[in-house]
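Colleague: let me see the structure of the following:
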Amino acid sequence: QLLKKAEEHGGTVLPVLVTDEDLYASSEDLGEYVKDVIARYYDNQTILAWDIYWHPGEKATDRNKVEATIETLFKYSRNQYPNQPVFMTPFVSVQDFAEDFNYRAALIHGTRNGWNKLAYGGVSDPDLVYKIWSLSDVTAFSTVQRPAEAGWLLSICYRFGRPIFCTSFASKSETEQLELLHLFE
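Modeller: Numbers count the residues shown, from 1 in each chain. This next block holds a predicted model:
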């Protein structure tokens with residue numbers, strides 16, 4: 001029904017297939033589910049891309065299970081030769097900047113800043129995030145941070161040389177919301 005509604009209105013859909021709440025199932029069962037959904041909607045033009053796992057490690061307690069699921073889901077989704085890009089949105093953010101921190105100067109070529117300002121929750125860590133972004137067709141992130149921190153995360157994503165999706169963003173004020181939209185244009 002959602003795909004039909006999107007088509008009627010000329011929109012596209014970016015489905016999320018798996019979250020940490022689905023980890024009660026085996027990695028193989030989740031892989032079969034992802035495979036079946038992608039195969040069923042392989043040629044649907046309203047699907048922009050497949051977010052096959054949203055925020056891996058955010059609520060999970062077993063890092064090994066999360067990593068195994070990441071690898072399995074990519075394997076199963078790739079074996080379908082999907083028309084649309086497949087990716088995951090990792091659970092990563094940026095440490096809040098001090099008011100006097102010059103984040104623009106800190107990201108200049110040759111300055112050794114970047115991943116050292118990232119923050120992780122749950123069982124997410126730099127290795128999981130790097131694996132996700134390396135295996136994904138597009139580099140995706142979500143943010144509920146101020147524009148400066150969101151921009152820092154965006155600059156890290158640019159380094160992967162792929163299209164970038166911000167799959168979810170929010171800010172505390174309308175001014176910050178407009179700044180974020182300007183950042184993404």
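
Colleague: point out where the protein drops to low pLDDT.
Modeller: Confidence mapping of the chain against pLDDT under 70 gives the ranges 110.

Colleague: quick check: next helix or strand after the helix ranked longest in it?
Modeller: If you go by DSSP state H, the chain has its longest helix at helix 63-78. Sequence-wise, the next helix or strand downstream of helix 63-78 (DSSP states H and E) is strand 86-89.

Colleague: for that next one, which helices and strands make contact with it?
Modeller: strand 50-54, helix 63-78, helix 126-135, strand 139-143, strand 164-169 (3 or more CB pairs under 8 Å, 6 or more residues apart in numbering; DSSP states H and E). C-beta: built from backbone N, CA, C; applies to glycine.

Colleague: give the buried residues for the longest helix of the chain.
Modeller: 63, 65-67, 69-70, 72-74, 76-77 (16 or more other CB atoms under 10 Å).

Colleague: sorry, back to before: how about CSV for the helices and strands packed on strand 86-89, with distance to residue 178 added?
Modeller: As requested, the helices and strands packed on strand 86-89 are exported to CSV (distance: least, CB to CB, whole Å):
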stretch, distance to residue 178
strand 50-54, 25
helix 63-78, 35
helix 126-135, 27
strand 139-143, 15
strand 164-169, 12
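
Colleague: which of those sits closest to residue 105?
Modeller: Nearest to residue 105 among the helices and strands packed on strand 86-89 is strand 139-143; the distance by CB to CB comes to 21.4 Å.

Colleague: okay, the buried residues of helix 63-78 in CSV with distance to residue 160 next?
Modeller: Output for these, formatted as CSV (distance: CB to CB, whole Å):
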residue, distance to residue 160
63, 22
65, 25
66, 21
67, 19
69, 21
70, 16
72, 22
73, 19
74, 15
76, 22
77, 18
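
Colleague: assumed residue 182 was part of a helix.
Modeller: Yes. Applying DSSP: H, G, I helix; E, B strand; the rest coil, one finds residue 182 inside a helix.

Colleague: what's around it, how many residues?
Modeller: 9 (other CB atoms under 10 Å).

Colleague: ok, now residue 54?
Modeller: Counted by other CB under 10 Å, the residues lying close to residue 54 total 21.

Colleague: how close does it get to residue 141?
Modeller: Using CB to CB, to the nearest Å, one obtains 12 Å as the distance from residue 54 to residue 141.

Colleague: joint contacts of these two?
Modeller: Common contacts of residue 54 and residue 141 (CB atoms under 8 Å, 6 or more residues apart in numbering): 89, 167.

Colleague: do you know which of the helices and strands packed on strand 86-89 lies nearest residue 28?
Modeller: Closest of these to residue 28 is helix 63-78, at 6.5 Å (criterion: CB to CB).

Colleague: what packs against the closest one?
Modeller: If you count contacts as 3+ CB pairs under 8 Å, 6+ apart, helix 63-78 packs onto helix 27-40, strand 50-54, strand 86-89, helix 126-135.

Colleague: which one of the buried residues of helix 63-78 is nearest residue 42?
Modeller: Using CB to CB, residue 77 is the member of the buried residues of helix 63-78 that sits closest to residue 42, with 11.2 Å.
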